[in-house]
Every structure is written in C-alpha cells, then in structure tokens.
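*Asks:* fold the stuff below for me.
(2 chains)
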Protein chains: 2
Amino acid sequence: MSPTHDHIVKSYDSELKRLDGEIQRMGQIAVAQLDAAIDVLQRRDSQAAMRVVANDDAIDALEHEVSHDVLRLLALRQPMARDLREVYAALRISADIERIGDYAANVAKRSMVLNQSAPVSAARGLPALAKLANGLVAEALEAYRLRDADKAMAVRSRDVELDAEYTGLFRELLTYMAEDPRQITACTHLLFAAKNIERIGDHATNIAENTWFLVHGEPPADERQKADLTSQ
Amino acid sequence: MSPTHDHIVKSYDSELKRLDGEIQRMGQIAVAQLDAAIDVLQRRDSQAAMRVVANDDAIDALEHEVSHDVLRLLALRQPMARDLREVYAALRISADIERIGDYAANVAKRSMVLNQSAPVSAARGLPALAKLANGLVAEALEAYRLRDADKAMAVRSRDVELDAEYTGLFRELLTYMAEDPRQITACTHLLFAAKNIERIGDHATNIAENTWFLVHGEPPADERQKADLTSQ
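*Replies:* Reported below is the predicted structural model:
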C-alpha cells in the first residue's frame, strides 16, 4: 500500500468515524428527548415541555450535518461496496433518528395540550410504553455501533412486545372515554401520544434492518411479525 | 467531447431518466392508493380494502428498485454536484412516497375496522381532506418532474390549508364522540385516518423541499408556517 493510499484510507476511516459519532450523538439526544417528554407529561410542566420541543432542533441540525457529510463523502471518496453501504446506512439511520426525535417532540407538545384540562389517570400507561420504545432504540443504536447484524435482528423481533403494550393501552383509553365522556379530549391526545411512541419502535426496527443491510448487502429475508394487525 | 465520454454521459442520463420514471410511477400509485382507500372507506368494502393494503407492496418494491439503482449509480458513475443531488433527491423523495403509500394503506386498514360497527356520519369529512392531500402530492410530484423549485415552494405554502381542514375535522370528531359515546371507537379510528392524511401533506412538503434542494443546492431558507400548532 502506498503512503498516499494509506493516507486516503486513514482519512476515509476518520470521516466514517465522524459520521458514526454524529449518528450516535443524534440517537442519544433522541432517547433523552423521549425520556424528557414523558417526564414533563407526568409533571404537567408546560414550560419544560416547550424546551423539549425546542431541543428537537439539535437533532434536525445533526441530521443536516450527516446529510452534508454523506454528500461530501460520496463526491470526494466515491466509495464502493461495503464503504458505499456504510454511507447509505448512515443516511437512512439518521433519517430514522430524526423521525424518532419528531415523535418525542410531539409527545411533549401533546403534554402541553393535556395541561389545559384536569389530569387523567389514563396517562399512567405512557411511561412503560416509552421505556419499551427507548429500550428498542438504544439496542438498535448499539447493534448499529457494533455493526452486529444478529443483535439488530433481536431488536426487530422485540418490536411485537411494544405493539402488544400499545394495543392494551389503546383499549384502556377507549374504555376511559366511554366511561367518562369529559375525558374524551384528553384521552384522544394520550392516544396520539401512545401512537407516536409505538411508531418510535417501528423506526428502531428500521435502524435494525439498515444495520443488517449494511453488514450483509441485502435486506433481511423474513418480514417481521406484526402484532398490531388491527391497525390500532 | 470524445465518443466514449459522450456514450457515458448519454447512458448516465438514461439511468437518471429511469430513476425519474420509477419515482413518478411510485407517486402515481401512491395517489391512486389514497383515492382507493377513501373509496373503500365510503363503500364499506372490506374485501376491496384488503386489496388496497396488499397493493402497498408495489410501492415498497419500487422503493427498493430506486434504492438499488441509486446505489449502483453512485458506485459506477460517481456523480458530482448537481448529478449527485439528483440521486440524493431521488432517494429522499422515494422514501417520502413510500411513507405516503403506508399512510394510504393505513386508511384502508382503518376502514376495515370501521366496518365492524355501524356507519358513522362523521366519516364524510375524510374525502375532502384526502382530496386536498392528494392535490398537494400530485403538485409536488409535478414540481419535481419539472425540476421547478418555485412551483415546489407553492406546494409547501399550501400545506397550511390541509392542516386547517384537518384541525376542523379533528374538532368535529371530538364533538361526535362527546354527543354519542357509542361512536367513540369508530371516531377514534377516523381520527387516526384523518391524521394519516394530514401526514401525507407533510410528505408532499418534504418532496417540495427536496426538489428545491436539488435545484439550488441548499435547503429553502424560511421555515414554512405551521397552522397545526396545537398538535391536533
């Protein structure tokens, strides 16, 4: 290997590492954002909720950085095969994390609307749902960081647990609404918040599938089981 | 220009055209899918709804084709500047259309659940909402096809109309639920269907923004107005 080639390779590796760092940072912020959204929802703190919503800008800014870095890398380095899949996966995964951040910010927004009416006991189901979702996101990010396709597939198969938990909460909220129509508006916002959290699990699955593709060069063969068949 | 270079350029152009064709085809299917979903919802035809859900596979298959073509193009052609933005936009826009298709399929899924209970009059607000959303998608796709950044920005500014229509329908559905708690379950599914359609407008906006980026090499400067501030 010529010194020049060695230099190019090293520099390319350091650029990939930089991308990796940006994406892991995005992921950590997204996970923290969902935790914060649930926290402000439980404490009914609209001021803090506004800060969570504003914080989403940090994730968006990082996604722009990743896109920019990917375009520059593609233009200057013209990667092939696995190297090309690396930047392709970075692009896809950063888009998924950006969506996770949006959903977390949406939960914080809904909490502000919820604070305009009396507290509803039905809100107590959300933290468990968010914990499950965040667990999936953290594991998917770890599988991606390690480029561990099998670990990624384990995440994918666990999304059904989140779907089942969501379906239970969905039914519970409908029952609350029927029992006390004054709670309809609040429970509707909780329903949307729960749906947002369930969708976060789908994006964790996407991260896992992109990790598999990155490692193997083809999408995972078997479609994952969907427990959420009734489109709740 | 050497004959060889000319040949490469021509072949590159034909590959871009192929990408364009795939994306426009995806877009046409997605628009048709939302129309079909609203149609089966109105006719309460669960069998036809299942076909709409199954048809979503055609969009997913086209998205895979686009991703595959983009990766091949990047590896073999190593495009730069505007050419690179062309393939980058193709990737982003195809992902948006794939999401639009998912939302349309979701509306069809919800219609199947709605058919398990008596018809609710509140469903009549959905066709107008879907028509607005599909108008935005068709215009965004046309702006992209023409690489017309100004036309794209017009689409973006019209998303507020859809948001306002959605907010009206949201409030109407809450009123129905409060007036007749037996309609709570059906109205909840209509709420989610309406939200799906509202989200389709957001993806039309994304297509418009990616068209702007493709033409100008930078994202549009001003953040668009959001009428949907109350996170309904």
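*Asks:* check contacts around the residue nearest to A:Ser67 when sequence neighbours are not counted.
*Replies:* Leaving aside its sequence neighbours, A:Ser67 sits nearest to A:Leu91 (CB to CB, 6 or more residues apart in numbering or on different chains; 6.7 Å). Where you see a C-beta, it was placed from the backbone N, CA and C, and this is true even at glycine. The contact partners of A:Leu91, by CB atoms under 8 Å, 6 or more residues apart in numbering or on different chains, come to A:Val66, A:Ser67, A:Val70, B:Leu91.
*Asks:* and what of A:Arg82?
*Replies:* A:Leu214, A:Gly217.
*Asks:* so it: helix, strand or coil?
*Replies:* helix (DSSP: H, G, I helix; E, B strand; the rest coil).
*Asks:* from the contacts of A:Leu91, which land in helices?
*Replies:* A:Val66, A:Ser67, A:Val70, B:Leu91 (DSSP state H).
*Asks:* quick one: contacts for the first one?
*Replies:* Residues in contact with A:Val66, defined by CB under 8 Å, 6+ apart, are A:Leu19, A:Glu22, A:Ile23, A:Met26, A:Ala90, A:Leu91, A:Ser94.
*Asks:* same thing with the third one?
*Replies:* Contacts of A:Val70 were listed using CB under 8 Å, 6+ apart, and they are A:Leu19, A:Val87, A:Ala90, A:Leu91.
*Asks:* make it 7 Å
*Replies:* A:Val87, A:Ala90, A:Leu91 (CB atoms under 7 Å, 6 or more residues apart in numbering or on different chains).
*Asks:* relative to A:Phe192, how far out is A:Gly135?
*Replies:* Per CB to CB, to the nearest Å, A:Gly135 is found 22 Å from A:Phe192.
*Asks:* can I get the contacts of A:Val70 in TSV with distance to A:Thr175 and pLDDT?
*Replies:* Below are those laid out as TSV (distance: CB to CB, whole Å; pLDDT from 0 to 100):
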residue	distance to A:Thr175	pLDDT
A:Val87	48	91
A:Ala90	44	95
A:Leu91	43	93
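*Asks:* what's the closest of those to chain B?
*Replies:* When these are compared for distance to chain B (CB to the nearest CB), A:Leu91 wins out at 7.3 Å.
*Asks:* doesn't A:Leu74 make contact with A:Val87?
*Replies:* Yes. Counting by CB atoms under 7 Å, A:Val87 touches A:Leu74, with 6.3 Å between them.
*Asks:* could you find the closest non-adjacent residue to A:Ala138?
*Replies:* A:Ala138 sits nearest to A:Val31 (CB to CB, 6+ apart), 5.8 Å away.
*Asks:* which parts of chain A sit against chain B?
*Replies:* Taking CB under 7 Å from any CB of the partner chain, the part of chain A that reaches chain B is made up of A:71, A:74-75, A:78, A:80, A:84, A:88, A:106, A:109-110, A:113, A:174, A:177-178, A:181, A:184-185, A:188, A:191, A:230-231.
*Asks:* I'd like to know which of those are buried.
*Replies:* Neighbour-count burial (16 or more other CB atoms under 10 Å in any protein chain shown) applied to these gives A:71, A:74, A:84, A:88, A:106, A:109-110, A:113, A:174, A:177-178, A:184-185, A:188, A:191, A:231.
*Asks:* perfect, that will be all.
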